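Q: No letters, just coordinates:
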């Protein structure tokens, strides 16, 4: 069995186990496509098949497009990463927050503003409206800018406003002019209307209660800055060449997330992965799970797009990386160590942790086990050190933060900080 046959077998197994209707994948080396294939269906009702030219949502892969444009504007002398956000957006303010000038473009690019997630408002479609929204809500900072990492769509989208301010042009038009047209990405768009006239576009799906349900393409509003691009795997290969041919500033580590992994500007970095560096970003929306990235040392770009919610596009991407590198498919980005934790230590983790976006994680002691409840499902845990538990069987680390009294006040998982909810009296 060849490495590509082994990869395809693994993809098909993943699609069956996770109920993924369709997957598209492509890999390039030295700017030549060495593998591309579509799996499954773009539309379950019509039976239309996936191809490498099928358009999918990419979700947060879009963030690297925005980050790249910001850095390009810096090179042109139109702004600096060290500029305060307020320098370019004078209306930027947060209710009750007096250190607003300390939040720099650098912090927004790297999700290190110290501001937690807030309730999403996709109905807002002007940056002015979003600035007003941020100013009107109660926000309790996690810490000073640069102190903590917490993925924040609501602040990241302000980069679009900054792009408009310094260029005098519409954000989407700038992305088109600076990236899409020069790279001849003819099957990439922000516009939902453009999809209606295309006969090779996926239908987004969610699998719930044993059946597939179609999703409407989200309109996103201002959040298009961090998640609005629809594209194909072949177009994303063209895009990836930017980072292999030019100085790659946005893929340089800024803040450690867990283990040796770190986040840069719209890209996540895994150093020393079998003597190479993985630079990537995933995306998730209703009916969309995606992953895109590159390996600088091998001059490789890899893209994976699916038309299903909350599925393992990131795992499929890594299977493809491993196949391309000639490594065992099951290799992981990192492996958390094993740590024996006394039962007396368990209670310090227990509690309910939430985000402003409405997600909840509950840590409990039940059936003589330390367990976590996510989206109504219970998972076993193990420890990798005194502050980190590992979600089983995914082996995903959950890092906890403790105050001076030794009590947990937050946990970090899925690139977000979940703050502990106070017990009701």
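A: Noted; the coordinates are in hand. Everything quoted here is computed from the prediction, not taken from an experiment.

Q: Give me the buried stretch members for stretch 172-185, please.
A: 172, 174-176, 178-180, 183, 185 (16 or more other Cβ atoms under 10 Å). C-beta: built from backbone N, CA, C; applies to glycine.

Q: can you list the domain ranges for this structure.
A: 3-57+183-325, 65-167, 343-420 (automatic domain parsing).

Q: Arrange the ones you listed in JSON lines, one row each, with mean pLDDT and distance to residue 331 as further columns.
A: JSON lines is the format used below for those (pLDDT from 0 to 100; distance: least, Cβ to Cβ, whole Å):
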{"stretch": "domain 3-57+183-325", "mean pLDDT": "96", "distance to residue 331": "5"}
{"stretch": "domain 65-167", "mean pLDDT": "97", "distance to residue 331": "25"}
{"stretch": "domain 343-420", "mean pLDDT": "95", "distance to residue 331": "12"}
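
Q: For residue 334, find the nearest of these.
A: domain 3-57+183-325 (4.2 Å; Cβ to Cβ).

Q: Let's see the distance spanning that closest one from one end to the other.
A: 10 Å (Cα to Cα, to the nearest Å).

Q: Looks to me like residue 417 is in a strand.
A: Yes - Residue 417 forms part of a strand when assessed by DSSP: H, G, I helix; E, B strand; the rest coil.

Q: which one is it nearest to, not counting chain neighbours?
A: residue 150 (4.1 Å; Cβ to Cβ, 6 or more residues apart in numbering).

Q: Residue 128 too?
A: residue 91 (7.1 Å).

Q: Ok, residue 37 next?
A: residue 25 (6.0 Å).

Q: What of residue 298?
A: residue 276 (6.0 Å).

Q: Who are the packing partners of the host helix or strand of residue 107?
A: In this assignment (DSSP states H and E), residue 107 forms part of helix 105-109. Here helix 105-109 touches helix 62-75, helix 85-88, helix 153-156, helix 158-167, going by 3 or more Cβ pairs under 8 Å, 6 or more residues apart in numbering; DSSP states H and E.

Q: In CSV, list those helices along with mean neighbour count and distance to residue 137.
A: Below are the helices and strands packed on helix 105-109 laid out as CSV (neighbours: other Cβ atoms under 10 Å; distance: least, Cβ to Cβ, whole Å):
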stretch, mean neighbour count, distance to residue 137
helix 62-75, 22, 22
helix 85-88, 18, 17
helix 153-156, 23, 10
helix 158-167, 22, 15
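
Q: Can you name the next helix or strand after the longest strand anywhere in the chain?
A: Identified as the longest strand of the chain according to DSSP state E is strand 32-43. Next along the chain after strand 32-43, taking DSSP H and E as the criterion, comes strand 48-49.

Q: Residue 362 belongs to a strand?
A: Yes - Residue 362 forms part of a strand when assessed by three-state DSSP.

Q: give me every residue that touches it.
A: Contact analysis of residue 362 by Cβ atoms under 8 Å, 6 or more residues apart in numbering lists 351-353, 372-373.

Q: ranking those by neighbours, who comes first?
A: Highest neighbour count within the contacts of residue 362, by other Cβ atoms under 10 Å: residue 353, with 24 neighbours.

Q: helix/strand/coil for it?
A: strand.

Q: quick one: it and residue 422 touch, right?
A: No - using Cβ atoms under 8 Å, residue 353 is not in contact with residue 422; the gap is 11.3 Å.

Q: in terms of contact, does residue 117 touch residue 418 like I think?
A: No - in this structure residue 117 lies outside contact range of residue 418 using Cβ under 8 Å: 9.2 Å.

Q: tell me, what's touching those two both at once?
A: Taking Cβ under 8 Å, 6+ apart as the contact rule, residue 117 and residue 418 both touch residue 355.

Q: Show me what the longest helix belonging to the chain is in contact with.
A: Ranked by number of residues, the top helix in the chain under DSSP state H is helix 3-18. By Cβ under 8 Å, 6+ apart, the residues outside helix 3-18 that reach it are 1, 20-21, 23, 25, 35, 37, 39-40, 207, 308, 311-312, 315-316, 319-320, 323-324, 326, 329.

Q: in stretch 390-404, what counts as buried?
A: 390-391, 397-401.

Q: can you tell me which of these are in helices?
A: Going by DSSP H, the helices hold none of those.
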